[in-house]
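Colleague: have a look at this prediction, sequence included:
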There are 2 protein chains.
Amino acid sequence: MRVAIVGATGAVGQEFLRLLTERNFPSEELRVFASKRSAGKQLSFAGKELTVEALPESGDLAADIVFSSAGGAISKAHAWTWAAHGAVVIDNTSAWRLDPRAPLVIPEVNPEAALEHRGVIANPNCSTIIALMALAPLHRAFGLRRATVATYQAVSGAGAAGIDELQAQTRATLAGEPLISNTFDHPIAFNLFSHDSEVGEDGYNLEERKMLSESRKILNQPALRISATCIRVAVFRAHTEAIHAEFDVPVDESEARRVLSEAPGIRIVDDREANTFPTPLAASGRDDTLVGRIREDASNPGGIALLVSGDQIRKGAALNAVQIGEYLIDKGALRSSVSS
Amino acid sequence: MRVAIVGATGAVGQEFLRLLTERNFPSEELRVFASKRSAGKQLSFAGKELTVEALPESGDLAADIVFSSAGGAISKAHAWTWAAHGAVVIDNTSAWRLDPRAPLVIPEVNPEAALEHRGVIANPNCSTIIALMALAPLHRAFGLRRATVATYQAVSGAGAAGIDELQAQTRATLAGEPLISNTFDHPIAFNLFSHDSEVGEDGYNLEERKMLSESRKILNQPALRISATCIRVAVFRAHTEAIHAEFDVPVDESEARRVLSEAPGIRIVDDREANTFPTPLAASGRDDTLVGRIREDASNPGGIALLVSGDQIRKGAALNAVQIGEYLIDKGALRSSVSS
């Protein structure tokens, strides 16, 4: 298996390298690509040094599988070319998520969609993945009709630059020095702000629209109603989400708890006595999405409220993509199902 | 006017001192009380030094108006005794909020309730005040039926100790040292956690129940339905809340915006172009509650979603109490309306 990572020097790219080792991903050859600026840099992988390459003009990455996280513009321009040279591209940007040619896949939720790929498979937005890890099993059991979501999103969603900015601004605040903002428009140290993505005419920002449109595609529920308020908080790498959900049938707490406890990829953390519930620190570095505060919605009989935390770089990005790759290998489906 | 502050050395007590000066509160005499441990300490007030006193055994604070923020146990034990000695007690703890004898007052929302006092007036919970600053005017116009709320609460809600813990843990994290937790059960630096109050059998914690029960009392709507998820975040002193609200009649964005822009005590911060909305840093030190992200709820036609930030120590506590005092003075209602 020839594997390529595009965007290898970024926060998600680095996580790809860790995961390939950690999960013994069958990569006989591994090439790492990044911007021209990073070309020539050395990256450690399984005790060896890899040299970062600039993307070849030819568009041939000489790979069977490409994990791409170099940003939407790069994927928009090149993903189908990489695929035309024989790779399956698992793309971690928003470029192709809503394109009908690209399946949008969470392996625990809709793995079979991956088998329909034509060369490009899209990895959903991190907030969407983390919400659906809990909502999808409930949907299967009870029919999700509506959800309101408030997010507490880590700075890692803005990559290594976001992480650096939180760290630098926090140091500056504690030292009584002025804050420098390079990555975010608003201070993030000891603060929070509405997600730094464009706000549309309906008042929803892009991150919030993604949660709606991607959830509809992944769950194949074009009429699903989701209203999210996406907020960036002073947390390094895991997203948390407070969710109120309504279903086609009334759901009680014990039914919700049973369904969630049997669902793959999630771990119930719901100790009321000890006041221990999902937190981003506990979720960081973990594969499982943590789910807790499971309760009947006091404002809506038959509805369910809950709190989830998931590692944004891992399950929200690199891990989900690697799991898609593993699934394809397992099913012998690396070649495009509809290629000439 | 003889004024007493009980709990004067705490974060809210200190804010009382600042506000009395700032607002030229007519205090001819000012006494400051705190625990025995703090007795003898000097506090600055309007260029003079005040000596902190322990609470007198007699229960007579020799005051016309008492601002109390020394904790629920102190208020539970002493508030009515202070009142029996002739003071109006404006109590900033949860001790008497749901007691039918004590009005629960937000001056912009239900000032007239204060006139019915029998010696003790309760100041609502900070999260409740900040939510209702936006929800109450919408309720008056459209009839609030249901709300889901997710909070982003500052550590100042746990007093000066909470502020110190966030600062100390943040320093420790940046220095790679172990975190010490004295005030909170869970780390707060670069983290967040479900609110540190007892969780009941229905899965809601005390902070969340307060928002429901206090809102019902303040708005005089015993059937109002509110489901909150209260979360503590790494912010020093302002609370933020993401709210979805449903009304008796369908509301559109422009109607909501008009009502909110005319409501007292709130300031609209809702610049979609510049992606500038309420943040806790912008709300800190301000009297107004900031309201933004005003939009129609994409998941529920006729509903409204919004984001509010308010200074937890100021409008969420000390300012609201001082405003109650000012209202009573203005109405000549410092003496109990039903006292013998």
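Modeller: Nice, I can see it.
Colleague: ok, now which ones touch A:D311?
Modeller: A:R237, A:A238, A:A283, A:S284, A:G285, A:R286, A:D287, A:L319 (C-beta atoms under 8 Å, 6 or more residues apart in numbering or on different chains). (Glycine included, C-beta is placed from N, CA and C.)
Colleague: please enumerate the helices of chain A.
Modeller: A:11-22, A:72-84, A:126-142, A:159-174, A:206-219, A:253-262, A:280-283, A:319-330 (DSSP state H).
Colleague: just how off-centre is the fifth one within its chain?
Modeller: Which is helix A:206-219. 12 Å (C-alpha atoms, centre = their mean, to the nearest Å).
Colleague: repeat that for the third one.
Modeller: The chain centroid and the centroid of helix A:126-142 are separated by 13 Å under C-alpha atoms, centre = their mean.
Colleague: quick one, it and helix A:206-219 angle?
Modeller: Interaxial angle, helix A:126-142 versus helix A:206-219 (axes from the mean of the first three to the mean of the last three C-alpha atoms, to 10 degrees): 40 degrees.
Colleague: low pLDDT regions in chain A?
Modeller: A:336-340 (pLDDT under 70).
Colleague: rerun at 50
Modeller: Residues of chain A meeting the criterion pLDDT under 50: A:338-340.
Colleague: what's the residue of the stretch 101-250 of chain A found nearest chain B in contact with, if anything?
Modeller: Closest approach between the stretch 101-250 of chain A and chain B, counting by C-beta to the nearest C-beta: A:G203, at 2.7 Å. Counting by C-beta under 8 Å, 6+ apart, A:G203 touches B:E253, B:R272, B:R293, B:I294, B:R295, B:E296, B:A305.
Colleague: how about A:L212?
Modeller: A:Y204, A:L224, A:R225, A:I226, A:S227, A:A228, B:A298.
Colleague: rerun at 10 Å
Modeller: A:T128, A:A147, A:V149, A:Y204, A:L224, A:R225, A:I226, A:S227, A:A228, B:A298, B:S299 (C-beta atoms under 10 Å, 6 or more residues apart in numbering or on different chains).
Colleague: got those as TSV, with distance to B:L166 and neighbour count columns?
Modeller: Output for these, formatted as TSV (distance: C-beta to C-beta, whole Å; neighbours: other C-beta atoms under 10 Å in any protein chain shown):
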residue	distance to B:L166	neighbour count
A:T128	30	27
A:A147	31	27
A:V149	26	29
A:Y204	31	25
A:L224	38	21
A:R225	37	19
A:I226	32	25
A:S227	31	25
A:A228	27	30
B:A298	34	21
B:S299	34	21
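Colleague: return the subset of those residues lying in strands.
Modeller: Among those, the ones falling in strands (DSSP state E) are A:A147, A:V149, A:R225, A:I226, A:S227, A:A228.
Colleague: on that earlier part again, so which of the contacts of A:D311 reach chain B?
Modeller: A:R237, A:A238, A:S284 (C-beta under 10 Å from any C-beta of the partner chain).
Colleague: just among these, which is most surrounded?
Modeller: A:A238 (32 neighbours; other C-beta atoms under 10 Å in any protein chain shown).
Colleague: what sits against that residue?
Modeller: A:A238 neighbours (C-beta under 10 Å, 6+ apart): A:126, A:130, A:152-154, A:156, A:278-286, A:289-290, A:309-316, B:191-192.
Colleague: compute the number of surrounding residues for the closest residue in space to A:L174 that isn't next to it in sequence.
Modeller: Closest residue in space to A:L174, ignoring its immediate chain neighbours: B:R171 at 6.1 Å, by C-beta to C-beta, 6 or more residues apart in numbering or on different chains. Neighbour count of B:R171, defined by other C-beta under 10 Å: 15.
Colleague: so what's B:R171 up against?
Modeller: A:T170, A:R171, A:L174, B:E177, B:L179, B:A189.
Colleague: any idea how far it is from A:A175?
Modeller: As judged by C-beta to C-beta, to the nearest Å, B:R171 and A:A175 stand 10 Å apart.
Colleague: likewise for A:E15?
Modeller: 31 Å.
Colleague: A:A318 too?
Modeller: 34 Å.
Colleague: more neighbours: the two, which one.
Modeller: A:A318 (27 against 8).
Colleague: tell me what A:G292 is bridged to.
Modeller: For A:G292, the beta-bridge partners are A:L307 (DSSP bridges).
Colleague: for the closest residue to A:A234 other than its chain neighbours, give me its contacts.
Modeller: Closest residue in space to A:A234, ignoring its immediate chain neighbours: B:A234 at 4.7 Å, by C-beta to C-beta, 6+ apart. When contacts are counted by C-beta under 10 Å, 6+ apart, B:A234 is found next to A:166, A:170, A:189-192, A:233-235, B:152, B:154-155, B:166, B:169-170, B:187-192.
Colleague: swap in 6 Å and give it another go.
Modeller: A:A234, B:L166, B:I188 (C-beta atoms under 6 Å, 6 or more residues apart in numbering or on different chains).
Colleague: and for A:K217, the neighbour number?
Modeller: For A:K217, using other C-beta under 10 Å, the count is 23.
Colleague: what residues does it make contact with?
Modeller: A:L104.
Colleague: that one and A:P100: what is the separation?
Modeller: Distance from A:K217 to A:P100, by C-beta to C-beta: 9 Å.
Colleague: can I get stretch A:99-117 in PDB? Just the C-alpha atoms.
Modeller: Output in PDB follows, covering the C-alpha atoms of stretch A:99-117 (Å, rounded to 0.1, in the frame of the first residue of the first chain):
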ATOM      1  CA  ASP A  99     -20.500  17.100  -3.900                       C
ATOM      2  CA  PRO A 100     -22.800  14.300  -4.900                       C
ATOM      3  CA  ARG A 101     -19.700  12.400  -6.400                       C
ATOM      4  CA  ALA A 102     -18.000  12.300  -3.000                       C
ATOM      5  CA  PRO A 103     -19.400  10.100  -0.200                       C
ATOM      6  CA  LEU A 104     -19.300  11.900   3.200                       C
ATOM      7  CA  VAL A 105     -18.400   9.200   5.700                       C
ATOM      8  CA  ILE A 106     -18.200   8.500   9.400                       C
ATOM      9  CA  PRO A 107     -17.200   4.800   9.600                       C
ATOM     10  CA  GLU A 108     -19.300   4.200  12.700                       C
ATOM     11  CA  VAL A 109     -22.300   5.800  11.100                       C
ATOM     12  CA  ASN A 110     -22.500   5.300   7.300                       C
ATOM     13  CA  PRO A 111     -19.400   3.100   6.300                       C
ATOM     14  CA  GLU A 112     -21.200   1.600   3.300                       C
ATOM     15  CA  ALA A 113     -21.400   5.000   1.700                       C
ATOM     16  CA  ALA A 114     -17.600   4.800   1.300                       C
ATOM     17  CA  LEU A 115     -17.900   1.900  -1.000                       C
ATOM     18  CA  GLU A 116     -19.700   4.100  -3.600                       C
ATOM     19  CA  HIS A 117     -16.700   6.300  -4.000                       C
END
